[in-house]
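In: Compute the structure for the input listed below.
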Amino acid sequence: MLAGIELGGSKVVILGAIGRVIVERETIPTTTPAETLANAVTILERWHADTPFAAIGIGSFGPLRLDRHAPDFGVMLPTPKSGWAGTDIFGTLTAPFNCPAAIDTDVNGAALAELRWGAGVQDNMQSDSLCYITIGTGVGGGFAFNGRVVHGAMHPEIGHIRLPRAPGDDFAGNCPFHGDCIEGLVSGPALARRFGVPGHEIDDADPRWDHVVSDISHLVSTVLLGTSARQILIGGGIGLGRPELLGRVREKSVVQLGGYLPHINGDSIRRIVAAPLLGDQAGALGTVALAMDALGMGIN
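Out: As a prediction, the model looks like this:
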């Protein structure tokens, strides 16, 4: 039995899996750190009492300290999510259980799951590089290259890149750190502020979507140029909730790249920039992939 915790900005999915088959799942709201993590631990303890876990995988919104040698490993760093900075995510969720455990960002986990079991494995071919972008409460990007997630001094934080603005777009942005970084322009809260209504009420015909498409396309172009990822998957509540945007983002990305990347054209972009093959299960399966790595099971 493997345990997984997908900690998101608005909800937490707690799951149990045998291999990569999910057999238990509960969802709770993300409220305060103390309440949220205590509720998650209560569920895990109940399952563990019945069938002890072999390993635990945690995929969390960030930013997180992921250096295992750092004294604050597994702790939430300064974040736009009010009240969560300084929370010991890893320690709190794993302390009651004597088993291997791993933590990473939710988008890194999703990227790993897609690389191993989703879009990265098609036509009997295994991709070597994939980027998973989630657009929802925030904007995050995870990278899985050569079978493993990408880390450095931290984990990638592409949601806070500042990119060229569309001509005529005067929206100031919504990020408390950077204003008009990409998260401040196209996340769910940013769209609600930009359009003046909740995201699900925004009319598809609103011309301001042109600015949003331009913003997301600049992010796609930047990732393709900066990392040479073979695939970019766009998920999350906004990414999966408005599939009509994907075609427009593809077209705009080709225009913005200006023919510089020889492998990208109007035909190939449909394969390179796509929706997650695992759909809204990518994040949950990402926690399973992380648990497998903690246990040394690799890509089985």
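In: Please count neighbours and contacts with C-alpha atoms only from this point.
Out: Will do.
In: Quick one: list the elements packing against the host helix or strand of His218.
Out: Per DSSP states H and E, His218 falls inside helix 209-227. Judged by 3 or more CA pairs under 8 Å, 6 or more residues apart in numbering; DSSP states H and E, the packing partners of helix 209-227 are helix 182-186, helix 244-257.
In: Quick one: name whatever helix or strand follows it.
Out: Downstream of helix 209-227 (by DSSP H and E), the next one is strand 231-235.
In: What mean pLDDT does that following strand get?
Out: The average of the pLDDT scores along strand 231-235 is 95.
In: Counting neighbours, what do you get for Ile58?
Out: By other CA atoms under 10 Å, 29 other residues sit near Ile58.
In: Am I right that it is in contact with Pro100?
Out: No - applying CA atoms under 8 Å, one finds Ile58 not in contact with Pro100, separated by 11.5 Å.
In: Residues in contact with both of those two, list them for me.
Out: Jointly contacting Ile58 and Pro100 under the rule CA atoms under 8 Å, 6 or more residues apart in numbering are Ala291.
In: show me where this protein has helices.
Out: 33-50, 89-94, 106-117, 182-186, 188-195, 209-227, 236-241, 244-257, 269-272, 282-295 (DSSP state H).
In: Reformat those into JSON lines and put mean neighbour count and distance to Thr137 next to each item.
Out: Shown next, in JSON lines, are those (neighbours: other CA atoms under 10 Å; distance: least, CA to CA, whole Å):
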{"stretch": "helix 33-50", "mean neighbour count": "15", "distance to Thr137": "17"}
{"stretch": "helix 89-94", "mean neighbour count": "19", "distance to Thr137": "19"}
{"stretch": "helix 106-117", "mean neighbour count": "30", "distance to Thr137": "13"}
{"stretch": "helix 182-186", "mean neighbour count": "29", "distance to Thr137": "9"}
{"stretch": "helix 188-195", "mean neighbour count": "21", "distance to Thr137": "5"}
{"stretch": "helix 209-227", "mean neighbour count": "19", "distance to Thr137": "15"}
{"stretch": "helix 236-241", "mean neighbour count": "20", "distance to Thr137": "8"}
{"stretch": "helix 244-257", "mean neighbour count": "19", "distance to Thr137": "17"}
{"stretch": "helix 269-272", "mean neighbour count": "18", "distance to Thr137": "25"}
{"stretch": "helix 282-295", "mean neighbour count": "28", "distance to Thr137": "14"}
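In: closest to Phe171 out of the ones you listed?
Out: Phe171 lies closest to helix 188-195 among the helices of the chain, at 6.5 Å (CA to CA).
In: Contacts for that closest one, please.
Out: 135-138, 171, 173-175, 183-185, 198-199, 202, 208, 237-238.
In: And stretch 79-88, by the same measure?
Out: The contact list for stretch 79-88 (CA under 8 Å, 6+ apart) reads 9, 32-33, 62-63, 72, 74-78, 175-177.
In: rerun at 7 Å
Out: The contact list for stretch 79-88 (CA atoms under 7 Å, 6 or more residues apart in numbering) reads Thr32, Pro33, Gly62, Pro63, Gly74, Val75, Met76, Leu77, Pro78, Pro176.
In: cool, and stretch 273-282?
Out: In contact with stretch 273-282 (CA under 7 Å, 6+ apart) are residues Ala110, Ala113, Glu114, Gly118, Ala119, Gln231, Ile232, Leu233, Ile234, Gly235, Arg250.
In: which of the residues you listed sit farthest apart?
Out: Largest separation among the contacts of stretch 273-282 by CA to CA: Ala113 and Arg250, giving 23.2 Å.
In: where's the lowest-mean-pLDDT helix or strand in the chain relative to the chain centroid, distance-wise?
Out: None of the helices or strands of the chain scores lower by mean pLDDT, DSSP states H and E than strand 125-126, at a mean of 78. Centroid displacement of strand 125-126 relative to its chain, using CA atoms, centre = their mean, to the nearest Å, is 22 Å.
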